[in-house]
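Participant: got a sequence here, can you model it:
(one chain, ligands or ions: 2)
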Amino acid sequence: MAMDLSSPYSPARSPATLAARRGSPHLVLRRPRLATVRCSVDAPKQVQVQGRPAAVAAEQAPAARKECYGVFCTTYDLKADEKTKSWKSLVNVAVSGAAGMISNHLLFKLASGEVFGPDQPIALKLLGSERSLQALEGVAMELEDSLYPLLREVSIGIDPYVVFEDAEWALLIGAKPRGPGIERSALLDINGQIFAEQGKALDAVASRNVKVIVIGNPCNTNALICLKNAPNLPAKNFHALTRLDENRAKCQLALKAGVFYDKVSNVTIWGNHSTTQVPDFLNSKINGRPVKEVIKDTKWLEEEFTKTVQKVSLCHTYILGELKR
Ligand SMILES: NC(=O)c1ccc[n+]([C@@H]2O[C@H](COP(=O)([O-])OP(=O)(O)OC[C@H]3O[C@@H](n4cnc5c(N)ncnc54)[C@H](O)[C@@H]3O)[C@@H](O)[C@H]2O)c1
Ligand SMILES: O=C(O)C[C@H](O)C(=O)O
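Facilitator: Ligands and ions are numbered 1, 2, ... in the order given. Here you go, the predicted structure:
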């Protein structure tokens, strides 16, 4: 199967390309509350927009209309018996910050079956910000062009109360990322508000057993904020993606010892995902032996190792920031 893994910042999603694809010299994007893009033998026919055949539009009462576009609108010409019999029932997965960099990696893994399995059809509900809506439409188009068999439905929107409806998974990535010289703690105010609102929205409209994974930083604090704003959902369903620092510490120890990282174990990070964190080399092991027995350079362990793990993300963030430009 051919896949398009191009970057969200590639020319494929430039306004000019989007406009050309729409057959208009200027891209005039409507601002729908929720636009639905369907790919399903089961999907009801959807209203066509922007230069697409309008035949199905007449079949729907105005009240039932939802915006959509592209090949999903016309419903694939698949016969129901082509649908794999062993497939599970459709799972609704909401992703926020869907036009951003992290999502651009994740969405295609979700759509391909890499995350939920090759027998798990998926409906993607993509939440963007007002500012990112145009890029979000580009993301939907790239998903559309990838023709993933498991991807049965894509919807995009900017209202969490609409996008999170019936979500069984909510992968919350959308947040203001750090810029050069900015610490994560400085983002707490603005990102805290985002996660308070999204917690309320999940509480109101998501599946009662929705699993929430917070990625947007500071992710552990944001997860707590989200959880506290969703008192009707099980607290055990809220998680924060905090493994990154452990992986970074493992990687640094492996590099210094000249071993592959599977030989490094028992690594713990004390403190928050910030420049005050303490990566614990005292209890870590390499090939089952205490790190200090393998890495004799105590100065490196006590100074450079800690600073590198604390700061490495800044370096990555700058590089990725450069790539975005
Ligand atoms: N936990 C981790 O391991 C980990 C790893 C990498 C990045 N991150 C965090 O993930 C977040 C996203 O990073 P990125 O590089 O994709 O940033 P990005 O700027 O490329 O994308 C963020 C997207 O979120 C959108 N957005 C902002 N507010 C929103 C809202 N209220 N609702 C929906 N969408 C909104 C923005 O418009 C943008 O498109 C950052 O907070 C970053 O620090 C976490
Ligand atoms: O630094 C960030 O905020 C993004 C990510 O969590 C990282 O550490 O690289």
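
Participant: residue 98 versus residue 89, what's the distance?
Facilitator: Applying C-beta to C-beta, to the nearest Å, the value for residue 89 to residue 98 is 23 Å. C-beta coordinates here come from the backbone N, C-alpha and C atoms, glycine included.

Participant: look at those two and report which has more neighbours.
Facilitator: Applying other C-beta atoms under 10 Å to residue 89 and residue 98 shows that residue 98 carries more neighbours, namely 31 against 6.

Participant: show me what residue 127 is bridged to.
Facilitator: residue 96, residue 157 (DSSP bridges).

Participant: residues near it, how many?
Facilitator: 31.

Participant: now do the contacts for it.
Facilitator: When contacts are counted by C-beta atoms under 8 Å, 6 or more residues apart in numbering, residue 127 is found next to 94, 95, 96, 97, 98, 156, 157, 158, 160, 163, 164, 174.

Participant: doesn't the fifth one belong to a helix?
Facilitator: In other words, residue 98. No - the assignment for residue 98, made by DSSP: H, G, I helix; E, B strand; the rest coil, is coil rather than a helix.

Participant: and the pLDDT for it?
Facilitator: Here, the pLDDT recorded for residue 98 equals 96.

Participant: give the burial count for the closest residue to it other than its chain neighbours, as a bare number.
Facilitator: If the residues on either side of it in the chain are set aside, residue 98 comes closest to residue 126, at 3.6 Å by C-beta to C-beta, 6 or more residues apart in numbering. Neighbouring residues of residue 126 were enumerated by other C-beta under 10 Å; the total is 29.

Participant: wouldn't residue 126 be in contact with residue 138 here?
Facilitator: No - applying C-beta atoms under 8 Å, one finds residue 126 not in contact with residue 138, separated by 11.3 Å.

Participant: overlap in contacts, these two.
Facilitator: Residues touching both residue 126 and residue 138 (C-beta under 8 Å, 6+ apart): residue 99.

Participant: so residue 265 touches residue 290, yeah?
Facilitator: No - look at residue 265 against residue 290 with C-beta under 8 Å: they stay out of range, at 11.0 Å.

Participant: got any residues that touch both of these two?
Facilitator: With contacts taken as C-beta under 8 Å, 6+ apart, the residues that reach both residue 265 and residue 290 are residue 284.

Participant: I'd like the contacts of residue 127 as JSON lines, with distance to residue 182 appended.
Facilitator: Shown next, in JSON lines, are the contacts of residue 127 (distance: C-beta to C-beta, whole Å):
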{"residue": "94", "distance to residue 182": "27"}
{"residue": "95", "distance to residue 182": "24"}
{"residue": "96", "distance to residue 182": "21"}
{"residue": "97", "distance to residue 182": "17"}
{"residue": "98", "distance to residue 182": "23"}
{"residue": "156", "distance to residue 182": "28"}
{"residue": "157", "distance to residue 182": "29"}
{"residue": "158", "distance to residue 182": "25"}
{"residue": "160", "distance to residue 182": "25"}
{"residue": "163", "distance to residue 182": "28"}
{"residue": "164", "distance to residue 182": "28"}
{"residue": "174", "distance to residue 182": "17"}
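
Participant: which one of the residues you listed is nearest ligand 2?
Facilitator: Ligand 2 lies nearest to residue 97 out of those, by C-beta to the nearest ligand atom, at 12.2 Å.

Participant: what's the burial count for the closest one?
Facilitator: Burial of residue 97, expressed as a neighbour count using other C-beta under 10 Å, amounts to 25.

Participant: ok, now how distant is it from residue 140?
Facilitator: 14 Å.

Participant: helices along the chain, start to end?
Facilitator: Chain-ordered helices for the chain, with DSSP state H as the definition, fall at 15-21, 71-74, 101-112, 133-146, 160-163, 188-205, 219-228, 244-257, 291-294, 298-299, 306-324.

Participant: can you list those in a markdown table and add distance to ligand 2, mean pLDDT and mean neighbour count?
Facilitator: Conversion of the helices of the chain to a markdown table gives the following (distance: least, C-beta to the nearest ligand atom, whole Å; pLDDT from 0 to 100; neighbours: other C-beta atoms under 10 Å):
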| stretch | distance to ligand 2 | mean pLDDT | mean neighbour count |
| --- | --- | --- | --- |
| helix 15-21 | 27 | 44 | 15 |
| helix 71-74 | 32 | 54 | 20 |
| helix 101-112 | 8 | 95 | 20 |
| helix 133-146 | 19 | 93 | 21 |
| helix 160-163 | 22 | 97 | 21 |
| helix 188-205 | 10 | 94 | 19 |
| helix 219-228 | 7 | 95 | 21 |
| helix 244-257 | 5 | 95 | 19 |
| helix 291-294 | 22 | 97 | 16 |
| helix 298-299 | 25 | 95 | 9 |
| helix 306-324 | 3 | 68 | 14 |
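
Participant: what residues are up against the residue in the stretch 101-250 of the chain that ligand 1 sits nearest to?
Facilitator: Relative to ligand 1, the nearest point of the stretch 101-250 of the chain is residue 174 (2.7 Å; C-beta to the nearest ligand atom). Going by C-beta under 8 Å, 6+ apart, residue 174 touches 96, 97, 98, 100, 127, 128, 129, 194, 216.
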